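Trainee: Turn this into a structure:
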Amino acid sequence: MALRKTGSGDATELAVAGWAKPEDVVRSRAGDVLIKNTLLKADHFPGCQNTKLTPLLDGAPNFRQVDGLPVYGVAIPTVRGLRSVMDVLGAAQGQRGVLWHNMREEPVLYINGKPFVVRESDQPFRNVEYTGIDRSRVEDMEARLKRDVLREAARYDHHILVTEEDDDMNVSKPCWE
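Mentor: Here you go, the predicted model:
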């Protein structure tokens, strides 16, 4: 199938133009992690930033420092947000080392600089539970998820179907990245 659009595009409108229907893509998923009836949902969404925390860094929601300590926290950043955090910490110029701990207990995959997570299509706001999972298993799942996405994208002219949340905290129309 030859897709005529690059970048993201509304999947429902594009299905009319000959692209795969979003519901068919989700139903036909058959990866190890990206399985039938799962979504790749953007991990950033409107309202995920606590605006009382400073400094506000674009792409690094809820960046903050523990008072009086060289300890910082942030939600899962975009690639650009990660660079902003490193700039603020002085690590981007090699002035300071940073030890980064990711406390997520689920695989996260970056697509075009943005973090995405797997969600069940009938429960897109509910985390898939892996409580107590260890680092090596999460990393293995991330590697398998990456393979799933690359395999699926090969079927759709190097595009992958993803979803995001809109300003009303609803899952927006699926789109192709």
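Trainee: contacts and neighbour counts: CA atoms only from here.
Mentor: Noted.
Trainee: shouldn't Y72 be in contact with Q65?
Mentor: Yes. Using CA atoms under 8 Å, Y72 is in contact with Q65, at 4.2 Å.
Trainee: Could you identify the helix or strand that succeeds the helix or strand of the chain with the lowest mean pLDDT?
Mentor: Scoring the helices and strands of the chain by mean pLDDT, DSSP states H and E places helix 11-16 at the bottom, with a mean of 51. Stepping forward along the backbone from helix 11-16, the first helix or strand reached (DSSP states H and E) is helix 22-28.
Trainee: The helix or strand that comes right after that next one packs against which elements?
Mentor: Per DSSP H and E, the first helix or strand lying C-terminal to helix 22-28 is strand 38-42. Packed against strand 38-42, as judged by 3 or more CA pairs under 8 Å, 6 or more residues apart in numbering; DSSP states H and E, are the following elements: strand 114-120, strand 161-162.
Trainee: Next, name the residue at the spatial heart of the protein.
Mentor: F116 (1.6 Å; CA atoms, centre = their mean).
Trainee: So what sits opposite it in the bridge?
Mentor: With DSSP bridges as the criterion, F116 is bridged to A42, L109.
Trainee: thinking it is in contact with L109, fair?
Mentor: Yes. F116 is within contact range of L109, at 5.2 Å (criterion: CA under 8 Å).
Trainee: residues in contact with the one helix or strand R147 maps to?
Mentor: Per DSSP H and E: R147 is located in helix 135-155. For helix 135-155, contacts defined as CA atoms under 8 Å, 6 or more residues apart in numbering pick out 1, 29, 31-34, 105-109, 158-160.
Trainee: Okay, buried residues for that helix please.
Mentor: V138, M141, E142, A143, R144, L145, K146, R147, D148, V149, E152, A153 (16 or more other CA atoms under 10 Å).
Trainee: got these as TSV, with distance to V79 and pLDDT columns?
Mentor: TSV is the format used below for those (distance: CA to CA, whole Å; pLDDT from 0 to 100):
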residue	distance to V79	pLDDT
V138	19	93
M141	20	96
E142	16	96
A143	18	97
R144	21	97
L145	18	98
K146	16	98
R147	20	98
D148	21	98
V149	18	98
E152	23	95
A153	21	95
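Trainee: Would you mind checking which of these is nearest to L57?
Mentor: E142 (25.9 Å; CA to CA).
Trainee: Please tell me how far the closest one sits from P107.
Mentor: 5 Å (CA to CA, to the nearest Å).
Trainee: where are the low-confidence patches of the chain?
Mentor: 1-18 (pLDDT under 70).
Trainee: farthest residue from the center of it?
Mentor: Distance-from-mean max, the chain, by CA atoms, centre = their mean: G68 at 31.7 Å.
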